[in-house]
Structure formats: structure tokens, C-alpha cells
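**Student:** quick one, structure for this:
(one chain, ligands or ions: 1)
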Amino acid sequence: MSLPVLCLCGAAFPVTADTVLIRGGRVIDGTGGPARRADVRVQGDRIVSVAPGLRARAGERVIDARGKIVAPGFVDLHNHSDRQVFEMPAAATQTAQGITTLLVGVDGEGPLPVGDFLARLDAAPAAVNVATMVGHGTVRTKVMGDDFNRPARPPEIAAMRELVAQGMADGAFGLSSGLEYDPGYYSTTDELAALAEVAARRGGFYASHIRNEADETLRALAEAMEIGWRARIPVHISHIKLGTVGVWGRTAEALRILHDAARENDVTADWYPYNFWASTTYVLMTGGRDWEDRQGWVKGLVDVGGAENVLITDFPADHSYDGTTLAAVAAARRQDPVDVLMDIVRRGNADILGTGMSERDVAAFLRDPLVMVSSDGGIEIAHPRGAGTYPRVLGRYVRERKEVPLAAAVRKMTGMPARRLGLPDRGLLRPGMKADIVVFDPRTVVDRSTAAEPQARPLGIEHVFVNGVAVVEGGRPTGARPGRALRSLPRDVGHEQPLDRPPVHEVRGEDLVQVRGPHPGVPDVLGVDGHGDAAAAVLEAIGPAHDHPAGQPALLDHPLQGVEDLLGALLPAGALRVARRPRVEAHEDVALGPGHSRILSED
Ligand SMILES: [Zn+2]
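**Tutor:** Numbers count the residues shown, from 1 in each chain. Prediction:
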């Protein structure tokens, strides 16, 4: 047999055949640690060394990174390219800004079945890695169809739980919700907690476009924390913002809700670097869906800070309005802005950019340690954030305004989101990690996309590698499609955050607490305020609780008054820890309901 002669196996080739040396740059590794001078060698799809003074091997491709930052590729946790990754797989606007992994299935709308979506990506990869969530709204539609305008019934929730479980088993990273949209709008907190709990069992997280991003933002944030606490699932707030004038300036309160909950749960948020949204005139309606309701429009204009904050970008009935603010059109026509607005809607609606946020609030969110960067964009969307987010943060928020140090910003784009996803081999620039790498010039990097030119490429992003393959070279896309479909790793024991925070020892009688077992998978006990024998409740919980399947808390209708001594004895022994329920106003019927909420933006 002469088979060995035919086997020109990999080992027969020099190692340098598929290695790349990125030499002379400063490495920011994604942990938040400072830049340091180091060379980076990539072999195949992996980073194999990060060290100063690496010598080029014969035939090795060398990239000169002098004066540049070498960082992990950016991981975008809120991306709307679900369909576009198939339609435009080169994803040029994404790679051009350094994105190497994106998470789709956000805002409650996701591919289903997840397994089919990932298999399609396996067969037709994009330039970037793609991960997905299970979309709550998609699951809800699958089960309830057009009859979604009401709370789900128990058998429907059971059917939805099955679909979430299947999506997680197929490789989704968690459950997303979009509670300003149909059909998520009509779901109760109970329903969401019941579904989130299924995602938690396989180590998923709950990401939410919360129920309200306007005047009721704080209550909506509290509801998300409540869902996390009940379902024992990490909570991630999507595109955190204070979207109406009525709540501008209340970042400290909003962040306090997150930080309070973060003492007992794993809580994070993502954020995009713009203070305006792109949508249509319809979203300025604050009442119901009666377009002749003048008061609804009046309130809508107040919410965005007035007609000067509404920029008309496309009015098909009269293009002379395009590029002008509603205030300017009204002045030119000597009309009240509300009348002009109602006239636009009667004549077929216009695309607009609305100032939704205060720039001070936007910056304050970025500075918070729980907040990371996302684009809320996509390969081709009408808002400049789709092509500009990451260079905009690096150029404007870091270099020009110094809102956060460069290494901290890079961490918010890399290590933090990769950790949120639970990706073990991405998000950090270290030997052994996948070679998703961005080389950028910290002196020039900046976004150039605008409302008029939303797809304009940024400056300063010079080289981008995905799984060791160049997708951007010298600032230009290569057209390569080395991305992978990413699947979550099964973690059947359910999420258990490490006990790196001290347990709460002071338990007051009126507190609602969870008594948590010390090990992953050990069921919890929810203590619920009521009247009865608390000590018995806790003892009962400690004993039989172990028979409960993981993730299904035993619900006890007993108060916890009088159990401080008992808990005090058990806690130091490590037998239990007690988690204080976040102080929230939101309860199961928090659903703000039609008329209290409105769709603020297109996502
Ligand atoms: Zn959204």
C-alpha cells in the first residue's frame, strides 16, 4: 500500500504556511488592562503567541502595526442582521468598524427553529461570527398566532417553554424580549419569568428591550430585574436609555436599579453612542392609534424636547422637507409644528430622526461599569449607528471627550460582551483564543456615517481578522467569509453565579428572600410575605427542596419573621445563602398596558 505517500498531511508543511505576525503594535487585551507593547502571532484560527520581540519566520505574512492598537474583535450584543447575514454575508459595514461577532435574535424577534438558522449559517457563513437568542415575541407568535392581544394561558406558556427549551438546546444564548412591540407588549411578568427560567436552566441570559424607554423607564427596568430574580437568570438590558424629556437626567436612579439588583444577580446592559433614533413620524404619537388625536402629537413633541429635535429625512409626498427639522418647516409655513406633523401623517408619513436622549445621559451610561457597547444596528439600516458605533465610541467618546479610558472602552466592546455570552475562546487577545482581532489607529479612528449617509465607512480601522482570516485589509473589505455559527455550550445545571459576593445576612421580616442552595442546580426557595410559621417554612424548604428539579423554586407562602437566628446559623456554615429581592415596585401585573407605552423607535 502506498497511501502514506498520498497523505501530504498538515505536519509536512512548514508551520509558517498559515501564520500571520502582527508586529510592533500595542496590545489591549480586552480585560481592561492597559495597552502594552507586544507582537501577536496567529496560526490557523487561533492566537498562538502574544509577546514582545517575536521574530518573523521565513515566508510568514507580517503586518506592521506600529502606532496602532491591536485588540480583540468587537462583539456586538445587539444586532439586527438576522436576515442580512444571508443577503449580504460580506457584512462590510460590520467588519469595517471592527465587529467580528454579532448577536441577533434580539428585541424578542429571533430565528426559529434556532437549529435551522445555525445550520444555514454553517452552510453559508458570513464574514462575521453569528450567535442568536431565542426571541420571546417569535415564540409567542408561534403559539398564540394572531390572538396575541391578551395574557397567555397556562397551556400556552407551557408550549412556549417547550420552544424556548428547544431553542436553547439548539444553541441559542438566552431569551430576548421586546416589550414595546407586538406581541411582547401583551405579556405579563409571570409569563416572561416562566420562559426565562427555561433559558436559565441551560445557562442562558435574559436580554430585554424593556417595556418602556420613555416616562416609565424606571418601572420597566425594575420589571426586568424582577424577572431575573424570579427566574434566577442573568439580566441584560438592551440599548439602555432615557428616551423622553420627562426622565432625562435620571441616570443615577436608573443605574441604581441595576446595581441594587447586581448585588444578587448578574446584571449588565448595552448601549449605543447616539442621542437620537431613526423611525417614522408615527412613533411620535403618544396616545393610541388615532392619528387625529392632537393631544397625542403634542405630548410626543414635548417628549423629544420640541419640534427642533425632529429631523425629517424622507418625506415622499414633498421632498423639499427632507433634511429639515419639523420646527424649520413649521416656521417657513407659519404654522404650528403640531399641525405640520399631522399634515405629514395625513399625506403618507415621513422618515425622521428624533432626538430621544440627553447627551449627558448617554455619556453617563457609557461610564457605568455594568454597561457595554452595542450597535443596535445591522448590515444595512437607516441609522448611522449601523456603520459607525464602534469607531464613534473610540474617536469621540474616548479620544475627544475622554469619557472612558481607551482600555476600558475596548473591554466594553470585547471581554465584557464575550463574557456575557459565555464564549470561552473569544473576546480576549491571548494565546489559545480564536483569532478575532482588530488593528486600529487610536489617533484617527472615527465614524463617518451620518443620517444622510448611514452606511459611510469609518476611518482608522485598518485590519480585521475573523478566525484568523483577514476580512479587512488596509481599511478595505476582503470579501472573505470566515465567520462561524456560534452555539451556546450546554450547561444543564442552570446558571449559578460564583459566590463572589457576600451573602446578605440581615434579613428583615418584611423582606422577600430567596434561600439559595450552595451548589448550582440546587433549587431555591422563594419566601413570600404572608402569615404563618416562618421557621417551619425555612426548615421545610431546606429538607425537601433537594427533591425539586433544578430551576423550579419551591414557593412557600410563609413570612420569614423570626428566622433570623436560624438563617444566621446556617449562612456561615455555607449551607445556604440568602438573596434579598431587589426593591422594585414592579410585580406580576406590572404590564404597563396599552396606552401607557408607545413604540419609541424602530428597535
Ligand atoms: Zn430594541
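**Student:** name the element A254 belongs to?
**Tutor:** Secondary structure assignment for A254, by DSSP states H and E: helix 251-262.
**Student:** need the contact partners of that helix.
**Tutor:** Here helix 251-262 makes contact (Cβ atoms under 8 Å, 6 or more residues apart in numbering) with 217-218, 221-222, 225, 228-229, 235, 237, 240, 242, 267, 269, 360-361, 364-365, 368, 370, 582-584. C-beta coordinates here come from the backbone N, C-alpha and C atoms, glycine included.
**Student:** next SSE after it?
**Tutor:** Counting by DSSP H and E, the next helix or strand C-terminal to helix 251-262 is strand 267-271.
**Student:** what is that next one packed up against?
**Tutor:** Taking 3 or more Cβ pairs under 8 Å, 6 or more residues apart in numbering; DSSP states H and E as contact, the helices and strands that strand 267-271 lies on are strand 235-237, helix 251-262, helix 359-367, strand 371-373, helix 415-421.
**Student:** show me what the first one is packed against.
**Tutor:** For strand 235-237, the contact count by 3+ Cβ pairs under 8 Å, 6+ apart identifies strand 205-209, helix 217-231, strand 267-271 as packing neighbours.
**Student:** ok and the residue in the stretch 251-400 of the chain nearest the ion?
**Tutor:** Among the residues of the stretch 251-400 of the chain, D376 lies nearest to the ion; the distance is 6.2 Å by Cβ to the ion.
**Student:** so what's the residue count around that residue?
**Tutor:** Applying other Cβ atoms under 10 Å, we find 28 other residues in the vicinity of D376.
**Student:** residues in contact with the closest residue to the ion within the stretch 1-150 of the chain?
**Tutor:** Taking Cβ to the ion as the measure, the stretch 1-150 of the chain has D107 as its residue closest to the ion, at 4.0 Å. D107 sits next to 78, 80, 135, 137, 176-178, 181, 209, 238, 603 when contact means Cβ under 8 Å, 6+ apart.
**Student:** give me the phi and psi angles of it.
**Tutor:** Geometry field for D107 lists phi and psi as phi 60, psi 20, criterion degrees, to the nearest 10.
**Student:** could you find the closest non-adjacent residue to it?
**Tutor:** In space, and not counting its chain neighbours, D107 is closest to G178: 3.6 Å by Cβ to Cβ, 6 or more residues apart in numbering.
**Student:** my guess is that neighbour contacts G110, does it?
**Tutor:** No. Under the criterion of Cβ atoms under 8 Å, G178 makes no contact with G110, lying 9.9 Å away.
**Student:** now the phi/psi pair for the residue nearest to D107, please.
**Tutor:** Backbone geometry at G178, expressed as degrees, to the nearest 10, gives phi -130, psi 90.
**Student:** quick one: residues contacting it.
**Tutor:** By Cβ under 8 Å, 6+ apart, the residues touching G178 are 106-109, 135-137, 184, 208-209.
**Student:** ok, what's across the strand from it?
**Tutor:** Judged by DSSP bridges, the bridge partners of G178 are H209.
**Student:** what's the pLDDT at it?
**Tutor:** According to the model's per-residue confidence, G178 sits at a pLDDT of 94.
**Student:** also G574?
**Tutor:** 46.
**Student:** what's around the residue in the chain that the ion sits nearest to, how many residues?
**Tutor:** Nearest residue of the chain to the ion, counting by Cβ to the ion: H209, 3.4 Å away. The number of residues packed near H209 is 27, by other Cβ under 10 Å.
**Student:** surely it meets S177?
**Tutor:** Yes. Look at H209 against S177 with Cβ under 8 Å: they come within range, at 6.7 Å.
**Student:** give me the common contacts of these two.
**Tutor:** Common contacts of H209 and S177, defined by Cβ under 8 Å, 6+ apart, comprise 107-108.
**Student:** domain assignment for this structure?
**Tutor:** Per the record, the chain has its domains at 10-69, 135-275+356-373, 280-354, 513-580, by automatic domain parsing.
**Student:** for D76, what are phi and psi?
**Tutor:** Here the main-chain torsion angles of D76 (degrees, to the nearest 10) amount to phi -100, psi 110.
**Student:** contacts only, for the spatially closest residue to it that is not a sequence neighbour.
**Tutor:** The shortest distance from D76 to any residue that is not its chain neighbour, by Cβ to Cβ, 6+ apart, is 4.4 Å, and that residue is L102. Residues in contact with L102, defined by Cβ under 8 Å, 6+ apart, are 75-76, 79, 81, 85, 94, 128-131.
**Student:** export those to JSON lines and tack on neighbour count?
**Tutor:** Formatted as JSON lines, the entries for the contacts of L102 read as follows, by neighbours: other Cβ atoms under 10 Å:
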{"residue": "V75", "neighbour count": "31"}
{"residue": "D76", "neighbour count": "32"}
{"residue": "N79", "neighbour count": "31"}
{"residue": "S81", "neighbour count": "28"}
{"residue": "V85", "neighbour count": "29"}
{"residue": "Q94", "neighbour count": "35"}
{"residue": "V128", "neighbour count": "31"}
{"residue": "N129", "neighbour count": "25"}
{"residue": "V130", "neighbour count": "27"}
{"residue": "A131", "neighbour count": "28"}
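**Student:** for stretch 184-203, what does the pLDDT average out to?
**Tutor:** Stretch 184-203 comes out at a mean pLDDT of 93.
**Student:** joint contacts of G178 and G110?
**Tutor:** Common neighbours of G178 and G110, using Cβ under 8 Å, 6+ apart, are G135.
**Student:** out of the contacts of G178, who's nearest R457?
**Tutor:** For R457, the closest of the contacts of G178 turns out to be V106, at 24.0 Å, with distances computed as Cβ to Cβ.
**Student:** picking that back up, so which bits of the helix holding A254 are buried?
**Tutor:** Along helix 251-262, these residues count as buried under the neighbour rule (16 or more other Cβ atoms under 10 Å): 251, 254-255, 257-258, 260-262.
**Student:** that one relative to strand 267-271, how many degrees between them?
**Tutor:** For helix 251-262 against strand 267-271, the angle by axes from the mean of the first three to the mean of the last three Cα atoms, to 10 degrees is 140 degrees.
**Student:** report the distance from helix 251-262 to the chain centre.
**Tutor:** Taking Cα atoms, centre = their mean, to the nearest Å, the mean C-alpha location of helix 251-262 is offset from the chain mean by 17 Å.
**Student:** please save the CA atoms from that helix in PDB.
**Tutor:** In PDB, the C-alpha atoms belonging to helix 251-262 read as follows (Å, rounded to 0.1, in the frame of the first residue of the first chain):
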ATOM      1  CA  THR A 251     -29.400  58.100  35.100                       C
ATOM      2  CA  ALA A 252     -28.400  57.700  38.700                       C
ATOM      3  CA  GLU A 253     -31.800  56.300  39.500                       C
ATOM      4  CA  ALA A 254     -31.800  54.000  36.500                       C
ATOM      5  CA  LEU A 255     -28.300  52.700  37.300                       C
ATOM      6  CA  ARG A 256     -29.100  52.300  40.900                       C
ATOM      7  CA  ILE A 257     -31.900  49.800  39.900                       C
ATOM      8  CA  LEU A 258     -29.300  47.800  38.000                       C
ATOM      9  CA  HIS A 259     -26.600  48.000  40.700                       C
ATOM     10  CA  ASP A 260     -29.000  47.100  43.500                       C
ATOM     11  CA  ALA A 261     -30.100  44.000  41.500                       C
ATOM     12  CA  ALA A 262     -26.500  43.300  40.700                       C
END
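**Student:** what is the mean pLDDT for that helix?
**Tutor:** Taken as a whole, helix 251-262 has an average pLDDT of 94.
**Student:** and the angle from that helix to helix 359-367?
**Tutor:** Angular relation of helix 251-262 and helix 359-367 on a 0 to 180 degree scale: 20 degrees, by the same axes, to 10 degrees.
**Student:** point out where the stretch 1-150 of the chain drops to low pLDDT.
**Tutor:** Counting by pLDDT under 70, the stretch 1-150 of the chain contains low-confidence residues at 1-17.
**Student:** and it, which of its residues are near the ion?
**Tutor:** With the criterion set to Cβ under 5 Å from the ion, the stretch 1-150 of the chain comes near the ion through D107.
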